[in-house]
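Undergrad: next comes the sequence, and after it the predicted model I'd like to discuss.
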Amino acid sequence: MKVQPMPISPQPQLSSTALLDQAPLSPDEIDHLSELVAHTLGTTNDIILVQSEAIVALEAIAKSVAGPGIKAFNVVTGPYGVGFGNWMREVGSDVTDFAFPFERVADAEITATEILRHRPQIVSLVHAEAATGGTNDAATIIDAAHQVGAITVLDAVASIGAEPVLTDKWNVDVVAIGAQKALAGPAGMSAVSVSQRAWEFIDANSVSPSGSVLSLTDWRDSWLRSDRLTVPGLPNWLEGRALTAALERIHNENLAQVTKRHNAAAQATLAGMEALGLAPWQQGDPVSYAPVATAISIAGFPQLLALNTGLITQGGGVLGGKLLRINHYGLAASLDSVNTALRHLAHALKRDLQPALEAAQLAWDERCL
Ligand SMILES: *Cc1c(COP(=O)(O)O)cnc(C)c1O
């Protein structure tokens, strides 16, 4: 039987040579990629490359830091926070989920006060919630965590590239990132930065995984603490090279410019959707709206339930039917993409598009790109 190649649309066709006939990643390539990740995160901490999407890195972190009797304080403002708490509970941790309604980010002052009272050993939170379009005040919460000596864990998958993630300045012990959101990179390799304090904490945890895909210490012991002449295992070379290319492209444009572009896209989206008579899903102060994606409340707009274009996606799980998201991240952090999304919304609502386009243009220009 002859098998027809399936076109990889809408991307340009990749040759099978480019896909198949590559050498494994060399030690130099691994070092270069790790330096790019560290630079992007603003850290001198160790970088662990995880051979899978970011959700796996997050489970690895949860199960490396948590364990029987370990007191964790997990800030919950969306579905990813719920999952992180459950992973820590699975390995016997004493987890307090400090939850806020999903249409708000965490009240940082209340959260900080609660951390000081609770005195946990671990504080975990999601920085930006792509699912609900909110960004938590990570600096304030992490500062409170350090006042009680807790290890801090930040899920920065949706914030990295869209807004500043200042790992060393905020003194975050463990940060997880993936590239398929604002970094416009591949989904299949993710990265974690780990501080010295966090390593000591993980090493003291008797149930922290090793010899496992969920281990953080395997890569440290077999690579970071080796002579670095032989790459351990067979890291994903396609994904690794794609991640390198994505980060090089980010830094060629300039990371600050990339975050500015995401902020402009978010502001243009807000202005445009408000001109169409729509309201943001987030109920708090607009400074807490995430630059990675804008969530729109669709209660009372059944005609928007059918919109699903990739750039526009419906809320999932408990958010289904309640919100839709404009995913203006990565290459879609552009006025063109924002306008495309507004066009879909105006069409579905049968409302005049022109005022929305003008509002979006004005908001975009104000961010002086
Ligand atoms: C997208 C996302 C993830 C999951 O990343 P995958 O790479 O899709 O596994 C985790 N956390 C947050 C906050 C995200 O937005």
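TA: Now that the structure is in, tell me what you want to look at. Residues are numbered from 1 along each chain as shown.

Undergrad: contacts and neighbour counts: CA atoms only from here.
TA: Fine.

Undergrad: contact partners for the residue nearest the centre of the chain?
TA: For the chain, the residue nearest the mean C-alpha position is V157 (1.5 Å; C-alpha atoms, centre = their mean). By C-alpha atoms under 8 Å, 6 or more residues apart in numbering, the contact set of V157 is 54, 128, 176-179, 181.

Undergrad: give me the mean pLDDT for stretch 171-180.
TA: Averaged over stretch 171-180, pLDDT sits at 98.

Undergrad: any chance you could list what contacts it?
TA: Applying C-alpha under 8 Å, 6+ apart, the contact partners of stretch 171-180 are 53-54, 57-58, 61, 142, 151-158, 160, 167, 185-187, 189-198, 243, 246, 330.

Undergrad: check stretch 43-61 too.
TA: Stretch 43-61 has contacts (C-alpha under 8 Å, 6+ apart) with 34, 37-38, 84, 87, 155, 157, 166-168, 174, 176-178, 187-196, 209, 213-216, 219-220, 224, 235-236.

Undergrad: one more pass at 7 Å, please.
TA: With contact meaning C-alpha atoms under 7 Å, 6 or more residues apart in numbering, stretch 43-61 is reached by 34, 38, 84, 87, 167-168, 176-178, 187-195, 214-216, 219-220, 235-236.

Undergrad: sketch out the strands for the stretch 251-369 of the chain, chain order is fine.
TA: With DSSP state E, counting those that start in this stretch, the ranges of strands along the stretch 251-369 of the chain come out as 294-297, 312-314, 323-326.

Undergrad: what's the answer for the stretch 101-250 of the chain, then?
TA: 122-126, 128-129, 134-135, 151-155, 174-177, 190-194.

Undergrad: any chance of the ones you listed in a markdown table, plus distance to the ligand and mean neighbour count?
TA: Output for the strands of the stretch 101-250 of the chain, formatted as a markdown table (distance: least, C-alpha to the nearest ligand atom, whole Å; neighbours: other C-alpha atoms under 10 Å):
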| stretch | distance to the ligand | mean neighbour count |
| --- | --- | --- |
| strand 122-126 | 6 | 27 |
| strand 128-129 | 5 | 30 |
| strand 134-135 | 10 | 30 |
| strand 151-155 | 6 | 26 |
| strand 174-177 | 8 | 27 |
| strand 190-194 | 7 | 26 |
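
Undergrad: among the strands of the stretch 251-369 of the chain, which comes closest to A279?
TA: The closest of the strands of the stretch 251-369 of the chain to A279 is strand 294-297. By C-alpha to C-alpha, the value is 5.9 Å.

Undergrad: ok so, going back, turn the contacts of V157 into CSV, including distance to Q361.
TA: As requested, these are exported to CSV (distance: C-alpha to C-alpha, whole Å):
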residue, distance to Q361
A54, 34
A128, 25
A176, 34
I177, 31
G178, 30
A179, 28
K181, 23
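
Undergrad: out of these, the closest to D21 would be?
TA: Distances from D21 to these, taken by C-alpha to C-alpha, are shortest for A179, at 23.7 Å.

Undergrad: ok, the closest one - how many residues close by?
TA: For A179, the neighbour count with other C-alpha atoms under 10 Å is 25.

Undergrad: as JSON lines, the strands of the stretch 101-250 of the chain with distance to T43 would be great.
TA: Listed next are these as JSON lines, based on distance: least, C-alpha to C-alpha, whole Å:
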{"stretch": "strand 122-126", "distance to T43": "18"}
{"stretch": "strand 128-129", "distance to T43": "19"}
{"stretch": "strand 134-135", "distance to T43": "21"}
{"stretch": "strand 151-155", "distance to T43": "14"}
{"stretch": "strand 174-177", "distance to T43": "10"}
{"stretch": "strand 190-194", "distance to T43": "8"}
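
Undergrad: which residues of the stretch 1-150 of the chain lie near the ligand?
TA: For the stretch 1-150 of the chain, the residues in contact with the ligand (C-alpha under 6 Å from any ligand atom) are 53-55, 80, 126, 128-130.

Undergrad: run a quick neighbour tally on L20.
TA: 9.

Undergrad: now do the one 10 residues further on
TA: When counting by other C-alpha under 10 Å, one arrives at 20 neighbours for I30.
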